[in-house]
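1. the following block contains a protein sequence and its predicted model.
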Amino acid sequence: MAIDEKLASQLRAALGDTKQVREVHMFGGLCFMLNGNMLAACSERGLLVRVGEAAEAKALGKPGAELMVMGGRRMRGYVRVKGTLDGRAVKTWLNLARAFVETLPPKPVGTKRRTRKTTKR
């Protein structure tokens, strides 16, 4: 899946003053992580924002917003925004996402949850 470079540039510009943000390739696009927690992502499918379950209904009332579904499963607290967004709209969505993500505890950089493979005998 391809990254929407224009949207990625808008996200970078809107997050330019935030030092704790890093970019990670995942979900077939480019994710923006704040203190180790996913804040937003962009791909050719549009903008994905993490707003939390409490703000989900408010977010879904905005133009272009829809429930995030991945692999047939609904991702609670995440909203996909389709359509063309200008810089102002991107900032508005990021503000909503930051309001939630900034309440989460920071994750140490470089730590991944690893799962052990189990084999049947």
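-> That came through, no problem.
2. what ranges of the chain fall below the confidence cut-off?
-> Filtered on pLDDT under 70, the chain yields the residue ranges 1, 109-121.
3. mind checking the SS state of the spatially most central residue of it?
-> Centroid-nearest residue in the chain, with Cα atoms, centre = their mean: Ala40, separated by 2.2 Å. Look at Ala40: counting by DSSP: H, G, I helix; E, B strand; the rest coil, its state is strand.
4. do a quick rundown of the strands in the protein.
-> 21-26, 29-34, 37-43, 46-50, 65-70, 73-81 (DSSP state E).
5. now do the buried residues in the longest helix anywhere in the chain.
-> In the chain, taking DSSP state H as the definition, the longest helix is helix 87-101. Residues Ala89, Val90, Lys91, Trp93, Leu94, Leu96, Ala97, Arg98, Phe100, Val101 are the ones in helix 87-101 that count as buried (16 or more other Cβ atoms under 10 Å). Any C-beta I mention is one placed from the backbone N, CA and C, and that applies to glycine too.
6. ok, the residue nearest to Asn35 when sequence neighbours are not counted - contacts?
-> Nearest residue to Asn35, sequence neighbours excluded (Cβ to Cβ, 6 or more residues apart in numbering): Pro106, at 3.8 Å. Counting by Cβ atoms under 8 Å, 6 or more residues apart in numbering, Pro106 touches Gln20, Asn35, Gly36, Asn37.
7. pretty sure the second one is touching Lys19, no?
-> What it means is Asn35. No: using Cβ atoms under 8 Å, Asn35 is not in contact with Lys19, being 10.2 Å away.
8. which one of the two is surrounded by more residues?
-> Asn35 (17 against 7; other Cβ atoms under 10 Å).
9. if we can go back for a sec, can I get the strands of the chain in a markdown table with distance to Arg12?
-> Formatted as a markdown table, the strands of the chain follow (distance: least, Cβ to Cβ, whole Å):
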| stretch | distance to Arg12 |
| --- | --- |
| strand 21-26 | 8 |
| strand 29-34 | 8 |
| strand 37-43 | 10 |
| strand 46-50 | 13 |
| strand 65-70 | 22 |
| strand 73-81 | 17 |
